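>>> Sequence first, then the predicted structure, then my questions.
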Amino acid sequence: MTSYIKIPSHLTPSDPQGSELLARERSKATFDVNELTLALYGSEELSRFKKILKILESDPILDKSNIYYMGRTELFKYALRKDKRIIQLAATHKWNVDEFKIASRLVDMSGPYSIHQSMFLPTILGQGTEEQKRKFLNPAIRHEIIGCYAQTELGHGSNVQGLETTSTYIPETDEFEIHTPHLTAAKWWAGGLGRTANHSVVMARLITNGQDKGPHPFIVQIRDLTTHEPLPGITIGDIGPKFGFNTTDNGFMLFDHVRIPRFNMLSKFSKVTKGTGEYKNPPNEKLSYGTMVFVRSVIIFNAGLALARAATISVRYSAVRRQFVDKENPMILPNGQVVETAVLDYTMQQYRLFPVIAQAYAIYFTGEIITNLYKQYIDQSSRGDFSLLADLHASTSGLKSLTSDIAVDSIEDCRRSCGGHGYSNFSGFTRFYQDYLPNTTWEGDNYILTQQTARYIIHSKQQSEEFSLRSNESPTIFYMLRYLSNPSQKCTVISPSDFKNPEVQLAIYGYRAAYLIARAVDQIDNHKKSWNSMLVEINRISRAHCQYILVHNFILTLQPQTSDSMNEKRRILHNSPSLKTVLTSVCNLFALHTMEKNLSEFLESGYLSPKQSEMLRVQISESLNEIRPNAVALVDAFYLPDYLLNSALGRYDGKVYETMIEWASKEPLNGITLDINPYSEKLFRNDVKAKI
Ligand SMILES: CCCCCCCC/C=C\CCCCCCCCCCCC(=O)SCCNC(=O)CCNC(=O)[C@H](O)C(C)(C)COP(=O)(O)OP(=O)(O)OC[C@H]1O[C@@H](n2cnc3c(N)ncnc32)[C@H](O)[C@@H]1OP(=O)(O)O
Ligand SMILES: Cc1cc2nc3c(=O)[nH]c(=O)nc-3n(C[C@H](O)[C@H](O)[C@H](O)COP(=O)(O)OP(=O)(O)OC[C@H]3O[C@@H](n4cnc5c(N)ncnc54)[C@H](O)[C@@H]3O)c2cc1C
């Protein structure tokens with residue numbers, strides 16, 4: 001990339017250098033970083049990750065050094081080029097789906113094909129018959145057709161039952177007619193639709209024999225495969241600039257009585273019979289919402305990765321950044337020189353950042369568990385058993401909401417913890433934050449989704465006689481029975497360190513959630529409160545329940561398991577006392593910090609006393625001290641390469657200042673010559689400064 005300013009090469013940052021500071025941090029770690037990385041990835045995935053990283057880093061098309069200076073159109077073109085390149089590389093290197101996902105994660109830019117891969121393919125896979133998969137899935141996997149997922153409309157997104165686009169069965173020709181009856185029925189937001197896709201999953205109300213059967217998925221070809229023009233009767237465009245996600249062409253689409261063959265209704269679960277138009281009900285009404293359950297489970301896992309990334313940048317930078325001399329406890333180099341204190345040594349910075357490390361680990365482990373639960377559901381459902389669906393929907397809804405909220409808040413906290421440089425694109429936070437942000441809205445607005453979780457739990461409590469039976473099918477709400485059966489118990493903590501006991505932590509979280517649930521049920525059943533009047537409480541219930549799940553899963557991950565149920569990753573963790581020790585500190589911090597952030601509810605439940613909450617704060621401070629020597633090593637263990645971070649502040653080698661000035665010298669604004677004479681008519685002179 002071109003530099004426009006020559007930076008004097010003899011200048012270096014004042015001592016100690018960033019690399020030296022990070023090396024000192026790394027030498028303090030009490031555990032083996034490589035071992036923890038292996039426990040997170042597993043040896044097979046880690047070696048694939050390294051192999052793919054090497055390929056991507058050296059590919060000129062996937063070079064990221066210019067992207068901070070690009071505007072929307074240029075960025076979009078870059079995104080299209082890189083999407084094509086990944087597909088070409090996948091073919092050359094014969095990558096499987098997991099390897100493809102690793103490459104996409106590393107390149108880290110939503111693109112015109114993102115929704116094709118994340119929603120179009122999974123929808124056909126999950127909702128199509130074998131015949132439909134042969135027709136649509138195989139060419140889609142080969143990217144011979146490119147699809148999008150058009151569900152949301154201008155007037156409705158959250159209320160899927162309220163969608164207005166119709167798909168009416170025409171028995172005479174054995175076709176469906178897709179139509180946009182009102183402006184509010186215009187499809188809106190679909191990623192890849194604006195300029196790229198030639199096919200779409202269209203969620204439309206199925207009308208047959210005059211009956212409205214509600215939204216169902218249909219495959220519609222929307223552009224000509226040769227000219228790429230919209231097909232007759234279809235109007236399509238890009239919806240315009242957005243807060244972020246500008247590398248994807250989100251689009252709008254209108255249908256004017258467009259005909260498609262009956263075959264194109266995705267019919268794995270519900271069908272319309274040829275000629276008679278008879279409708280065959282699905283085994284479960286909500287199976288057509290299946291793609292959303294899948295994507296929500298992915299969003300939970302991705303929230304852990306986003307937190308790991310934010311923590312990596314801000315913790316490394318805080319170890320390099322120095323500000324003021326802490327007179328009571330100065331930072332002294334091995335040569336005796338007193339230097340300014342690394343901002344990571346300020347307890348306030350630790351209180352802001354270490355919980356983010358803990359959130360990343362907590363959500364990573366739950367992400368793995370939810371991914372496995374989803375796989376288990378798919379396995380059972382392929383045999384006609386849908387019993388896990390209700391619980392899976394409830395837990396993925398609440399966890400998608402909670403984890404993406406945590407991630408959005410923490411990314412911004414981490415960015416601010418980097419001070420002024422956090423505001424520069426070179427921090428690596430700007431596009432990362434903008435592109436992450438819609439996770440709180442898409443795939444279900446986070447406030448709406450908590451209603452799904454709370455409703456499931458409240459129903460379970462209302463049917464408490466059969467609750468004990470149902471809880472066998474409901475792996476995520478089994479805890480409630482225990483606490484509901486003894487509501488007057490009190491927390492047993494008598495000293496701060498008692499808070500480190502996992503049984504104590506679970507009891508505190510369990511009682512608080514059960515208390516909120518019992519109170520809401522009482523309000524609804526005995527005081528006839530409306531659902532709407534209870535929405536704030538309902539949101540609390542979902543969050544309390546999901547926080548319980550996160551803490552429970554973290555504790556479970558650290559508990560000894562029978563060796564046959566242990567996979568390689570868990571075996572590494574359990575065979576290493578030093579890993580278990582450091583992760584136990586991390587787990588404690590997650591449980592206790594989350595408790596403190598929601599303290600009013602724990603106190604209100606009466607289970608925790610004000611005195612105990614004081615002890616809680618003492619123990620949090622203890623946990624921060626425990627984590628301090630391992631902070632940099634704990635983020636290093638995430639193994640997020642510089643190629644992914646693209647951050648001057650979070651570089652592995654700590655060369656923060658050298659990178660900041662080098663990247664600034666490449667700002668194209670530095671390359672134009674301005675005419676700043678206010679009386680001159682010219683804004684720019686034609687000449688451009690010589691390039692260096
Ligand atoms: C070769 C190359 C290969 C490459 C492979 C690469 C693969 C990459 C893979 C993954 C990458 C993923 C990356 C992720 C990136 C994600 C990008 C996403 C982009 C954004 C896309 C979108 O936003 S699409 C639009 C999403 N829209 C929504 O989410 C809408 C939200 N609204 C709803 O879901 C519903 O309206 C509602 C749930 C809020 C309400 O529904 P409804 O009114 O119908 O129901 P009720 O509330 O009355 O409930 C009735 C009953 O049904 C149950 N229920 C509701 N929903 C579900 C469900 N989904 N599943 C199961 N059950 C459900 C509900 O609980 C009620 O049950 P009762 O028992 O009756 O109480
Ligand atoms: C970047 C981006 C990409 C997207 N990609 C796609 C895509 O590829 N395909 C696709 O189909 N869609 C896509 N979407 C759309 C997305 O799924 C919807 O925007 C989302 O589901 C929210 O729906 P909405 O916009 O209708 O919000 P609304 O429901 O209108 O929400 C507005 C406000 O009302 C509140 N609210 C609404 N109803 C209730 C209620 N019952 N109780 C309490 N509060 C309520 C919400 O909490 C929110 O605060 C995308 C969106 C974005 C931002």
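Yes, it's here. Numbers count the residues shown, from 1 in each chain. Ligands and ions are numbered 1, 2, ... in the order given.
>>> Residue numbers of this structure in contact with ligand 2?
When proximity is defined as CB under 6 Å from any ligand atom, the chain approaches ligand 2 at 115, 149-152, 156-158, 189-191, 245, 250, 438, 441-442, 444-445, 447-448, 535. All C-beta atoms are positioned from the backbone trio N, CA, C, and that covers glycine.
>>> Which of those residues fall in strands?
149-150, 189-190 (DSSP state E).
>>> Give me the spatial nearest neighbour of residue 156, chain neighbours excluded.
With sequence-adjacent residues excluded and distances taken as CB to CB, 6 or more residues apart in numbering, residue 156 is closest to residue 162, at 4.4 Å.
>>> Hmm, the one you found is touching residue 152, no?
No: if you go by CB atoms under 8 Å, residue 162 and residue 152 don't touch, sitting 11.0 Å apart.
>>> Could you check which of these two has the larger neighbour count?
Using other CB atoms under 10 Å as the criterion, residue 162 and residue 152 rank with residue 152 on top: 19 against 13.
>>> Not counting residues beside it along the chain, what's closest to the more buried one?
Counting by CB to CB, 6+ apart, residue 152 lies nearest to residue 189, which is 4.6 Å off, once chain neighbours are set aside.
>>> List the residues that contact the one you found.
152, 157, 239, 250-252, 442 (CB atoms under 8 Å, 6 or more residues apart in numbering).
>>> Name the member of those residues with the shortest distance to ligand 1.
Nearest to ligand 1 among the contacts of residue 189: residue 442, at 3.4 Å, using CB to the nearest ligand atom.
>>> quick one: the closest one and residue 292, what's the gap?
From residue 442 across to residue 292, the span is 10 Å (CB to CB, to the nearest Å).
>>> who's more crowded, these two?
More neighbours surround residue 292 than the other of residue 442 and residue 292, with 23 against 17 (other CB under 10 Å).
>>> I'd like the average pLDDT over stretch 151-171.
For stretch 151-171, the mean per-residue pLDDT is 98.
>>> Run the chain-centre distance for that stretch.
For stretch 151-171, the separation from the chain centroid amounts to 27 Å (computed by CA atoms, centre = their mean, to the nearest Å).
>>> ditto for stretch 367-379
The chain centre lies 16 Å from the centre of stretch 367-379; the measure is CA atoms, centre = their mean.
>>> of all of the stretch 1-150 of the chain, which residue lies closest to ligand 1?
Counting by CB to the nearest ligand atom, the stretch 1-150 of the chain gets nearest ligand 1 through residue 118, at 3.5 Å.
>>> make that the stretch 551-692 of the chain, sorry
Closest point on the stretch 551-692 of the chain to ligand 1, by CB to the nearest ligand atom, is residue 644, at 15.8 Å.
>>> mind checking how far residue 559 is from residue 363?
From residue 559 across to residue 363, the span is 18 Å (CB to CB).
>>> repeat for residue 440
Separation of residue 440 from residue 363 (CB to CB) stands at 14 Å.
>>> okay, those two: which has more neighbours?
residue 363 (30 against 20).
>>> The closest residue to residue 127 other than its chain neighbours: how many residues sit nearby?
Counting by CB to CB, 6+ apart, residue 266 is the residue found nearest to residue 127 once chain neighbours are left out, at 4.0 Å. Using other CB under 10 Å, residue 266 has 23 neighbouring residues.
>>> Quick check, residue 266 in contact with residue 201.
Yes: the criterion here is CB under 8 Å, and residue 266 meets it with residue 201 at 7.5 Å.
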